[in-house]
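Participant: I'd like to go over a predicted model; first the sequence, then the structure.
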Amino acid sequence: MFQIQNQELRPQVTAHLAQTMSLLEMTSQEIQQKIETELANNPALEIVEERRCPNCGRVLTTPGPCPVCSQPYELTTEDPIVFVSSQEDFPSISGKERNRVASGNGFSRDNYIPQVDDLPTYVLRQIAPELQEDQRLIAAHILNNLDEDGLLTTPLSEISQFYHVPTSKVSSVSEIIQHADPLGVGASSPKEALLIQLEMLERTSDVPELTREAIEKGMKDLSKHSYRKLAKLLDTSHEHAEQIANFIRGNLNPYPARAYWGDYRQQSEAPPQAYHRPDIIIKIQENSPRKRLIVEIISPYRGTLRVNPLFRKAQKEAPQDKKQAWGKDLEGASLLIKCLQQRNHTMEQLMTVLVKGQRPFIISGDPAKLHPQTQAEMAELLDVHESTISRAVSDKSVQLPNNKIIPLQRFFDRSLPVRTILCRLVEEETTPLTDAELAEELKGNGYDIARRTVAKYRSMEGILSSRLR
């Protein structure tokens, strides 16, 4: 009996989770298109001209947040006010401002980001010819679950269960991905990424002996530069252990997404793409001595989405030949509404924690004040899977109090504060500083990074080497 009930409930849970994750990944404009399609095709779904709080369901008679549940518990704290609003009620750009932007006046590069492929798209384009039709969905699933380092955050067994296919089938797709550019992308760990890269390198180059053993057994010693311990572990000399470490450092990358791939070197030269309509608007509350922040998460539709009560009543009295079809319409409408509510709730949770933690950056607009944070750390704070955070920030944009519109992903760019200070150091230099000297200057500013990392960040910002400067 218990097993039968489990089988009946499982499809509903999967459908709810799958649609919630899909909606979470969409921008407000994409959701608007989906809702318009559902309203046209599903008679059980309707939208009524009234504003209700998406959390408590109260009818809202005035613009702005719900006066009850959207307020912080303690008004004396610096907690932000976060609520869902309609874009029609709260336009982010006035008609005059929109014309000014369209005409090119007041252009600011900070309001734009390069139009380049993201890593999943870049990899998928490479491997598409190798994939069979039934492998494409699995490949897309794997690529959409990569973390910011290019590593797979979901076990292959979980993906095989989700699609009801053998693990070997998922593994074969994963292997195709791992051998695309950047090599090792989709590996489950830094160690696996290194071993994949080493395997390819062994075919074309001379590799120091015991390199594979060093990666398999001595990752801890390699990361700590403990060459004596590594030499003892591998039963070799200190000099050879150091040679192995230098080879790995110079030729392999444990985090594939951080390596150069695609047009990564030329991002600063890519044609700009404007964000005209943000998904989230952050403002400073007027007449607030503590500069309380107000966060509006834009809803793509005006009014309240609900199941049509007349259709629900008619379905109970429907002819037998239509009863099942009408029942599916009701289930589809209810599922969409619940998933939209879950999406809003997740976005509210994310923005509450994010805005509170990044308050100095949001108020000042200074990238140097951005607190380095990863999606994994945010997922831990919210007690959700990292892929949930990845979907929540995907393709979303935020309008800051200074009216600049930036990608939400920028809040999780750990290198942004460092790159900002790097640019300032180069602007203020009297004589060109080498990468090693820049590394020392950055260390004095609290960022202890290697010379090669300075070279990487310099390349990302389009800064020439000291010799060419």
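Facilitator: The structure has been received and is ready for your questions. Residues are numbered from 1 along each chain as shown.
Participant: Tell me the secondary structure at residue 20.
Facilitator: What DSSP: H, G, I helix; E, B strand; the rest coil gives for residue 20 is helix.
Participant: Could you give the number of residues near the closest residue to residue 295 other than its chain neighbours?
Facilitator: In this structure, residue 295 finds its nearest non-sequential neighbour in residue 82, 4.4 Å apart by CB to CB, 6 or more residues apart in numbering. The C-beta positions use only the backbone N, C-alpha and C, and glycine is treated the same way. For residue 82, the count of nearby residues is 26 (other CB atoms under 10 Å).
Participant: Pop out the phi and psi values for residue 82.
Facilitator: phi -120, psi 130 (degrees, to the nearest 10).
Participant: ok, it to residue 297 distance?
Facilitator: From residue 82 across to residue 297, the span is 7 Å (CB to CB, to the nearest Å).
Participant: Could you do residue 277 as well?
Facilitator: 13 Å.
Participant: Tell me which of the two has more neighbours.
Facilitator: Between residue 277 and residue 297, counted using other CB under 10 Å, residue 297 has the larger neighbour count: 20 against 17.
Participant: pretty sure that one is touching residue 80, no?
Facilitator: No. Counting by CB atoms under 8 Å, residue 297 stays clear of residue 80, with 11.4 Å between them.
Participant: Overlap of the contact sets of those two?
Facilitator: Taking CB atoms under 8 Å, 6 or more residues apart in numbering as the criterion, residue 297 and residue 80 both touch residue 351.
Participant: Excluding chain neighbours, what is closest to residue 157?
Facilitator: residue 167 (5.5 Å).
Participant: Can you classify residue 406 by secondary structure?
Facilitator: strand.
Participant: my read: it touches residue 400, true?
Facilitator: Yes. Under the criterion of CB under 8 Å, residue 406 makes contact with residue 400 at 6.7 Å.
Participant: what helix or strand does the residue nearest to the spatial centre of the chain sit in?
Facilitator: By CA atoms, centre = their mean, the chain has its centre lying nearest to residue 390, at 3.3 Å. When elements are assigned from DSSP states H and E, residue 390 belongs to helix 386-393.
Participant: And the next helix or strand past that helix?
Facilitator: strand 397-399.
Participant: Now do that next one: distance to the chain's middle.
Facilitator: From the chain centre to the centre of strand 397-399 is a distance of 14 Å (CA atoms, centre = their mean, to the nearest Å).
Participant: contacts for it?
Facilitator: With CB under 8 Å, 6+ apart as the criterion, strand 397-399 contacts 92, 275, 278-282, 405-408, 411.
Participant: Tell me the one among these nearest to residue 380.
Facilitator: residue 411 (15.7 Å; CB to CB).
Participant: Residue 347 touches residue 297, doesn't it?
Facilitator: Yes. Counting by CB under 8 Å, residue 347 touches residue 297, with 5.1 Å between them.
Participant: Now the common contact residues for these two.
Facilitator: Common neighbours of residue 347 and residue 297 (CB under 8 Å, 6+ apart) are 84, 280.
Participant: all helices of the stretch 301-450 of the chain, in order?
Facilitator: Taking DSSP state H, counting those that start in this stretch to define them, one finds helices in the stretch 301-450 of the chain at 309-316, 320-357, 359-364, 375-382, 386-393, 416-428, 435-444.
Participant: can you put those helices in CSV and add mean pLDDT and distance to residue 153?
Facilitator: As requested, the helices of the stretch 301-450 of the chain are arranged in CSV below (pLDDT from 0 to 100; distance: least, CB to CB, whole Å):
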stretch, mean pLDDT, distance to residue 153
helix 309-316, 84, 40
helix 320-357, 88, 17
helix 359-364, 90, 26
helix 375-382, 88, 8
helix 386-393, 88, 5
helix 416-428, 86, 22
helix 435-444, 88, 30
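Participant: For those, give me CSV that also has distance to residue 128.
Facilitator: Converted to CSV, the helices of the stretch 301-450 of the chain look like this (distance: least, CB to CB, whole Å):
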stretch, distance to residue 128
helix 309-316, 42
helix 320-357, 29
helix 359-364, 38
helix 375-382, 26
helix 386-393, 22
helix 416-428, 32
helix 435-444, 38
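Participant: Out of these, which one sits most buried?
Facilitator: Ranked by mean neighbour count, the helices of the stretch 301-450 of the chain are led by helix 386-393 with a mean of 22 (mean count of other CB atoms under 10 Å).
Participant: relative orientation of that helix and helix 320-357 in degrees?
Facilitator: Helix 386-393 and helix 320-357 are oriented at 90 degrees to each other (axes from the mean of the first three to the mean of the last three CA atoms, to 10 degrees).
Participant: just the angle between helix 386-393 and helix 375-382, please?
Facilitator: Using the same axes, to 10 degrees, helix 386-393 lies at 100 degrees relative to helix 375-382.
Participant: Distance from the chain centre to helix 386-393, please.
Facilitator: That offset, for helix 386-393, works out to 5 Å (CA atoms, centre = their mean).
Participant: other SSEs contacting that helix?
Facilitator: With contacts taken as 3 or more CB pairs under 8 Å, 6 or more residues apart in numbering; DSSP states H and E, helix 386-393 sits against helix 2-25, helix 320-357, helix 375-382.
Participant: Would you reformat the ones you listed as CSV and include distance to residue 312?
Facilitator: CSV is the format used below for these (distance: least, CB to CB, whole Å):
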stretch, distance to residue 312
helix 2-25, 18
helix 320-357, 6
helix 375-382, 35
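Participant: Quick one, which of those gets closest to residue 420.
Facilitator: Among the helices and strands packed on helix 386-393, helix 320-357 sits nearest to residue 420 (CB to CB), with 18.0 Å.
Participant: Does residue 225 belong to a helix, a strand or coil?
Facilitator: Residue 225 - assigned by three-state DSSP - is coil.
Participant: How about it, nearest residue that isn't a chain neighbour?
Facilitator: Closest to residue 225 by CB to CB, 6+ apart is residue 245, at 7.0 Å.
Participant: So that neighbour is in contact with residue 211, correct?
Facilitator: No. The pair residue 245 / residue 211 is not scored as a contact, 9.5 Å apart, by CB under 8 Å.
Participant: Verify the stated contact: residue 394 with residue 25.
Facilitator: Yes. In terms of CB under 8 Å, residue 394 counts as a neighbour of residue 25; the distance is 5.2 Å.
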